[in-house]
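Asker: below are the sequence and a predicted model; questions follow.
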Amino acid sequence: MNEPWTNLLERLRELNDLTSAVKLMEWDQAVMMPVRGGPGRARATAALEGLTHARFTDPEMGALIEKLRADDSQDADQKASLRILKRDYERAVKVPADLIKAIAEARGLAYQAWTKARPESDFSLLRPHLEELVDLKKQEADAIGYDQERYDALLDTYEPGMTTSEVADMFEELMVGLKPLVEEVLAAVGQAPSFLAETYASDQQMALCRWLVQRLNFEFDGGRLDESPHPFTIQIGPGDVRQTTRPDPQDLMMSIYAAVHETGHALYEQGLPPEILDLPIGRFPSLGMHESQSRLWENQVARSRPFTDFLLPHLKERFPEELGMVTPEEFNRGVNYPRRDLIRVRADELTYNLHVGLRFELELALFRDQLQVSELPDAWDDAMERHVGIRPGDDAEGVLQDMHWSIGAFGYFPTYTLGTIYAAALYRAALADLAPIDDELRRGSTDRLLEWLRAKVHSQGYRREAKVLADEIVGEPVTARPLLDYLSDKYRALYPSS
C-alpha cells in the first residue's frame, strides 16, 4: 500500500471517529439526555462538527485527493472512493466553517424547542429557531451552488446525483396514478376492524418488538433497540447500529411496523462490508436507497398476507384478550386498513406518499422564497386538506408532527417516496430471482430475501449512485409504475369496489 493512500486512510479514520462521536451525542439527545442538557449538547455538537469540517477541508486533504486521483494504479474501490471524496470535498470547502458551526448549534437548539413545542402544540416555541435554520440552510445552499434551483443543493446532500426536476417528475407520475386509486379504495373500505382500537400495554409492545426485530435477523450483539419520540436508526460506528421505536398503547400496529421499518434500515447498516467501512464507498449511496430497505421490509414483507399469518399467533400469545378471536383474514385487512390520517408515521402505505408530497411542496416553496416560516402552520393545514383530504385540528397534528425540519433536514422528505418507489421495483426483481417465497414468509423465514438484498444492495455500498444501482438491479430505469401496480393489485383485492 503506497504512502499517500496510507496517509489518506489515517485521515479518513480520524474523520469517521469524529463523526461517530457526533452520532453518539445525537442518539443520546433523542433517547437519554435530560431536557436541560439541550444548550450544552448543541454547543458540544457544534464544536465537534466544526472540527470535523476543518479537518476535512484542510488544503492538504484536497492536495492528497488530487495526487491519488492522478495515480492510475488505484484499484476500482480506491477510484470510487476518490471520486466520492472529490465530490464531498468540493462541496465542503464552499461552506464557511463558521456557517457549519452555526447550523449545528441552531439545529441542536431547534430540536430541543421541537420536543417542547410538539406536546404543547405551540408553533411559536419553534418558529424563531426554524426561521434561523431556514436562513442558515439557504446560506449553505447558496454557498454550495446549484445549476437550476437552490433546493438542488439541499436534495443532493441526501440523494447525490438527483435533481429537483427529476424528483418532481417521479412525484407527478406517482400522484397522477395514486390519488384516484386512494379515492376508489377509501370508498370501499368500510368500518375499521375493532382490534385496531384496543389498548395494548407498552411494555408488552416493546417485548414483542425486540422479539420481532431479532426474528428478522437484526443482530443485538451489534446494535440496540430503544424508545424515542420519533423512531430512527443510526450507525454509531462499526458494530454499533442503534434503532428506536415508539410504543403507543392506543396504536399497536404503529409500534410494530415502526420497529420493522427501522429494522430494514438497521439490516442495511449491519450488511455493509466491514472491510470498507472506513472508506467513502463503505456507506449507503443515498437516503432513498436506505429508505427502500425499510419500506420493503415494512410493507412488501411484513404487511403481506403470508407474513401476517405468521405474526398473528405470536401477537395472540402476548395479547390474548385483545386479539384472541381475530381471524387471519381480519388481521391482514386490519394491518392494511387504509384511511385518511393526519400523522405521516401512522399513515398506511396507500396514503403515505400523499403526506410526503405535501412536505415536498412546502419545502420547495420555502427555498424558492414563496413561503415564510411564519406561514407554515396555515400552509401545512391547507396542503394536508388538498393532498390527504383531512385538516389538522392543531399544530401538534400538523406542522409540528415531524422532527426533520427542527434538525435542518431540508431536502430529506422526498427520499421517503423515492425509497418507496425503489422498494417496489427491487422487491419485484427479488421475487423474479427467488421464485415464490410465500411459504417461507408464513414460517417467518426471511433468510433468502435478506441474502438477496445483501448481495444486490448492502454489499455494494456506495460504489455507484443510487439511481444507477437501482437501474442495474431491476434491469431498466426505475419509475413509479411498479409501485402503482403493487398498490393497485393489493388494495383492489383487499377492498374491491361494489
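Answerer: Arrived safely.

Asker: pretty sure Val134 sits in a helix.
Answerer: Yes - counting by DSSP: H, G, I helix; E, B strand; the rest coil, Val134 is located in a helix.

Asker: and it, what does it touch?
Answerer: 366-367, 373, 410 (CB atoms under 8 Å, 6 or more residues apart in numbering). (Each C-beta comes from the backbone N, C-alpha and C, glycine too.)

Asker: what would these look like in CSV with secondary structure?
Answerer: Below are these laid out as CSV (three-state DSSP):
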residue, secondary structure
Leu366, helix
Phe367, helix
Val373, helix
Phe410, coil
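
Asker: name the nearest residue to the most centrally placed residue in the chain, sequence neighbours excluded.
Answerer: In the chain, the centroid-proximal residue (CA atoms, centre = their mean) is Glu291; its distance is 4.8 Å. Spatial nearest neighbour of Glu291, excluding adjacent residues (CB to CB, 6 or more residues apart in numbering): Gly419 at 2.4 Å.

Asker: how about Arg295?
Answerer: Closest residue to Arg295 apart from its sequence neighbours, by CB to CB, 6+ apart: Ala423 at 4.1 Å.

Asker: ok, and for the helix or strand that neighbour falls within, which residues are buried?
Answerer: Taking DSSP states H and E as the definition, Ala423 sits inside helix 414-434. Of all the residues in helix 414-434, those buried under the rule 16 or more other CB atoms under 10 Å are 414-427, 429-430.

Asker: which of these sit farthest apart?
Answerer: Pro414 and Ala430 (24.0 Å; CB to CB).

Asker: tell me the contacts of Met403?
Answerer: Contacts of Met403 were listed using CB under 8 Å, 6+ apart, and they are 111, 114, 229-230.

Asker: kindly apply the preceding question to Gln214 instead.
Answerer: The contact partners of Gln214, by CB under 8 Å, 6+ apart, come to Phe220.

Asker: so it: helix, strand or coil?
Answerer: At Gln214, secondary structure determined by three-state DSSP is helix.

Asker: what about Arg464, how many residues nearby?
Answerer: 16 (other CB atoms under 10 Å).

Asker: quick check: the nearest residue to it once chain neighbours are set aside vs Arg448, distance?
Answerer: The spatially closest residue to Arg464, leaving aside those adjacent along the chain, is Pro285, at 6.6 Å (CB to CB, 6+ apart). Applying CB to CB, to the nearest Å, the value for Pro285 to Arg448 is 24 Å.

Asker: element containing the residue nearest to the centre of the chain, please.
Answerer: helix 287-295.

Asker: can you mark which positions in that helix are buried?
Answerer: Result for helix 287-295 [16+ other CB under 10 Å]: buried residues 287-295.

Asker: check stretch 269-276 too.
Answerer: By neighbour count on 16+ other CB under 10 Å, the buried set for stretch 269-276 is 269-272, 276.

Asker: and for stretch 49-67?
Answerer: Using 16+ other CB under 10 Å as the test for burial, stretch 49-67 gives 49-53, 56-57, 61-62, 64-65.

Asker: which of the residues you listed fall in helices?
Answerer: The members of the buried residues of stretch 49-67 that map onto helices under DSSP state H are 49-53, 56, 61-62, 64-65.

Asker: low-confidence stretches in the stretch 351-498 of the chain?
Answerer: Applying pLDDT under 70 to the stretch 351-498 of the chain flags the ranges 498.

Asker: tell me where it has helices.
Answerer: Remark: helices assigned in the stretch 351-498 of the chain by DSSP state H, counting those that start in this stretch are 352-367, 376-387, 414-434, 438-442, 447-456, 466-474, 481-494.

Asker: hang on, the earlier thing: what residues does the helix holding Glu291 touch?
Answerer: So helix 287-295 is contacted by 158-159, 162, 233, 261-265, 267-268, 284, 349, 412, 414-416, 418-420, 422-423, 426, 453, 457, 466, 469-470 (CB under 8 Å, 6+ apart).

Asker: next one: stretch 44-60 to chain centre, how far?
Answerer: 26 Å (CA atoms, centre = their mean, to the nearest Å).

Asker: and for stretch 144-153?
Answerer: Per CA atoms, centre = their mean, the centroid offset for stretch 144-153 relative to its chain is 22 Å.

Asker: then it to PDB, C-alphas only?
Answerer: In PDB, the C-alpha atoms belonging to stretch 144-153 read as follows (Å, rounded to 0.1, in the frame of the first residue of the first chain):
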ATOM      1  CA  ILE A 144     -22.500  25.200  -2.400                       C
ATOM      2  CA  GLY A 145     -24.100  26.400  -5.600                       C
ATOM      3  CA  TYR A 146     -26.600  24.800  -8.000                       C
ATOM      4  CA  ASP A 147     -27.400  24.700 -11.700                       C
ATOM      5  CA  GLN A 148     -31.200  25.100 -11.600                       C
ATOM      6  CA  GLU A 149     -32.600  26.000  -8.200                       C
ATOM      7  CA  ARG A 150     -31.500  26.300  -4.600                       C
ATOM      8  CA  TYR A 151     -33.300  23.100  -3.500                       C
ATOM      9  CA  ASP A 152     -31.000  21.100  -5.700                       C
ATOM     10  CA  ALA A 153     -28.100  21.700  -3.400                       C
END
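
Asker: once you drop chain neighbours, what's closest to Glu363?
Answerer: Phe410 (5.7 Å).

Asker: need the contact list for that neighbour.
Answerer: By CB under 8 Å, 6+ apart, the contact set of Phe410 is 134, 137, 154, 363, 366-367.

Asker: equivalent analysis for Leu484, please.
Answerer: When contacts are counted by CB under 8 Å, 6+ apart, Leu484 touches 174, 177-178, 181.

Asker: turn those residues into CSV, columns for pLDDT.
Answerer: Listed next are the contacts of Leu484 as CSV, based on pLDDT from 0 to 100:
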residue, pLDDT
Leu174, 96
Gly177, 96
Leu178, 97
Leu181, 97
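
Asker: can you flag which of the residues you listed belong to strands?
Answerer: Residues of those located in strands (DSSP state E): none.

Asker: can you put these in JSON lines and add neighbour count?
Answerer: Shown next, in JSON lines, are the contacts of Leu484 (neighbours: other CB atoms under 10 Å):
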{"residue": "Leu174", "neighbour count": "23"}
{"residue": "Gly177", "neighbour count": "17"}
{"residue": "Leu178", "neighbour count": "22"}
{"residue": "Leu181", "neighbour count": "16"}
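
Asker: now, which of the residues you listed sits nearest Asp248?
Answerer: Lowest distance from Asp248 to these (CB to CB) belongs to Leu178, with 26.8 Å.

Asker: report the contact partners of that closest one.
Answerer: Leu178 neighbours (CB under 8 Å, 6+ apart): 350, 353-354, 484, 487.

Asker: pull out the buried members of these.
Answerer: Those of these that meet the buried threshold are 350, 353-354, 484, 487, by 16+ other CB under 10 Å.

Asker: Arg87 is in what secondary structure piece?
Answerer: Judged by DSSP H and E, Arg87 forms part of helix 76-92.

Asker: next, the angle from whichever helix or strand comes after that helix to helix 76-92.
Answerer: With elements assigned by DSSP H and E, the helix or strand that comes after helix 76-92 is helix 97-120. Angle, helix 97-120 to helix 76-92, by axes from the mean of the first three to the mean of the last three CA atoms, to 10 degrees: 80 degrees.

Asker: show me what helix 97-120 packs onto, helices and strands only.
Answerer: Judged by 3 or more CB pairs under 8 Å, 6 or more residues apart in numbering; DSSP states H and E, helix 97-120 is in contact with helix 38-56, helix 123-144.
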